[in-house]
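A.B. asks: sequence plus the predicted model coming up.
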Amino acid sequence: MPPTRSSTRATTGRRRLLAEVERLAQDLREPGRIEDALAMLIGGEGSDYGIAPDELFSGGVPRIRPVLVHLAAQTGSDSGAGPADGTQDVAMVAELLHAAVILHDAALGRREGLRRRAARRVLNRASHWLGGNHLTLRALEIARRAPAPEILGDALDALREVTEGQALGAALAERVPTPSDVLQHAESQAGAVLAFSCRAGGRLAGAQRPALTRLGRYGRHTGVAFQLAEDIAAFDSTDGLDGLIRLANTGRPVLPIAIAAVSDPAVATLWRTLGDHEDAAVAAEIAERVGASGAIRQARETMLEHVWSARKALTELPETPARGAMDRLISSLT
């Protein structure tokens, strides 16, 4: 099936967002510190994960969380300059939370996948994900030394929400997700981590409660929009169906699949099959059925609603160069 207009737009928007993130990242101080430290934490001595950093971070460590921490700190500051200290530590906490989500998703992925077996070796060492995952414990240790003591509470709230989302994801493995299930899951994963990034950045700048609420709202909607853009882009068959197969391997709920399954229940069955067996013919049939159902267009409309909501949250904040950068970042998805 040829790529749909909506999937191609999602691919283009996602690339523009990543390009904007990389451009903004060039302005951060000590640009290599987060990458080096995370690689050491994830793949260094004593971690024993059996998962290389590039398996957890496809294409390298993504910078959207550190960028948002820095921009939120500048947006939340009365002067617009942001604090001099603490941003790198908070950015590290956000990246560790994201890494923990990816690790747990890998453990729930394709049954015979190497990443799933390696991730399960890590998680099975503890009776509870929140208490036993080395990455989450390290994130809390770093959050505890942050200049604003409330950041530790924000990190715990984010972990609680992520944990509830992981429980939802496990439950959805046993039934067909509805579109509302998918959105709830996205809010509790990418949404929760980016909401933490923005709120914590605002706390570093001493932002008041109304500004913190708006920053958190921006982060949540941005996280959901970005995750939906990734899901939609996987259906862009311009470069083949590898992206769709990789998405099925993650085992997480996907909005175009949930929408299409409402009118075509066979889509859900095929999706489970693709998650267990990398079959290009199955992937092609899924792409055909989902494209014919109009689900990709509907999913893109939902993504644009979250883009609009993120931008609306920003309009209620003082106009600063950092706020403008945050607006350009989310607007790139359109």
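C.D. replies: Cool, got the structure.
A.B. asks: just for the stretch 151-300 of the chain, where's the confidence low?
C.D. replies: The model of the stretch 151-300 of the chain has pLDDT under 70 over residues 239.
A.B. asks: now the helices for it?
C.D. replies: Here the stretch 151-300 of the chain has its helices, by DSSP state H, counting those that start in this stretch, at 179-186, 192-204, 209-233, 242-250, 255-263, 266-276, 280-293, 295-315.
A.B. asks: most tightly surrounded among these?
C.D. replies: Mean neighbour count (mean count of other Cβ atoms under 10 Å) peaks for helix 192-204 among the helices of the stretch 151-300 of the chain, with a mean of 30. Glycine gets a C-beta too; all of them are placed from N, C-alpha and C.
A.B. asks: would a markdown table of the helices of the stretch 151-300 of the chain with distance to Ala73 be doable?
C.D. replies: Below are the helices of the stretch 151-300 of the chain laid out as a markdown table (distance: least, Cβ to Cβ, whole Å):
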| stretch | distance to Ala73 |
| --- | --- |
| helix 179-186 | 25 |
| helix 192-204 | 4 |
| helix 209-233 | 10 |
| helix 242-250 | 31 |
| helix 255-263 | 32 |
| helix 266-276 | 39 |
| helix 280-293 | 40 |
| helix 295-315 | 15 |
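A.B. asks: quick one: closest of these to Ala158.
C.D. replies: Ala158 lies closest, by Cβ to Cβ, to one member of these: helix 192-204, at 4.0 Å.
A.B. asks: hey, C-alpha coordinates of the closest one in CSV?
C.D. replies: C-alpha atoms of helix 192-204 as CSV (Å, rounded to 0.1, in the frame of the first residue of the first chain):
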residue,chain,number,x,y,z
ALA,A,192,4.3,12.0,32.4
VAL,A,193,8.0,12.2,31.7
LEU,A,194,7.8,15.4,29.7
ALA,A,195,5.4,17.0,32.2
PHE,A,196,8.0,16.3,34.9
SER,A,197,10.7,17.8,32.7
CYS,A,198,8.8,21.0,32.3
ARG,A,199,7.5,21.3,35.9
ALA,A,200,11.0,20.6,37.3
GLY,A,201,12.6,23.1,35.0
GLY,A,202,10.0,25.7,36.3
ARG,A,203,10.8,24.8,39.9
LEU,A,204,14.5,25.5,39.3
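A.B. asks: tell me which of the helices of the stretch 151-300 of the chain lies nearest to Thr136.
C.D. replies: Closest approach to Thr136 among the helices of the stretch 151-300 of the chain (Cβ to Cβ): helix 192-204, 11.8 Å.
A.B. asks: Asp157: which of the helices of the stretch 151-300 of the chain is closest?
C.D. replies: helix 192-204 (7.7 Å).
A.B. asks: that older thread, out of the helices of the stretch 151-300 of the chain, the one nearest Glu95 is which?
C.D. replies: helix 192-204 (9.0 Å).
A.B. asks: any idea of the angle the closest one forms with helix 295-315?
C.D. replies: 10 degrees (axes from the mean of the first three to the mean of the last three Cα atoms, to 10 degrees).
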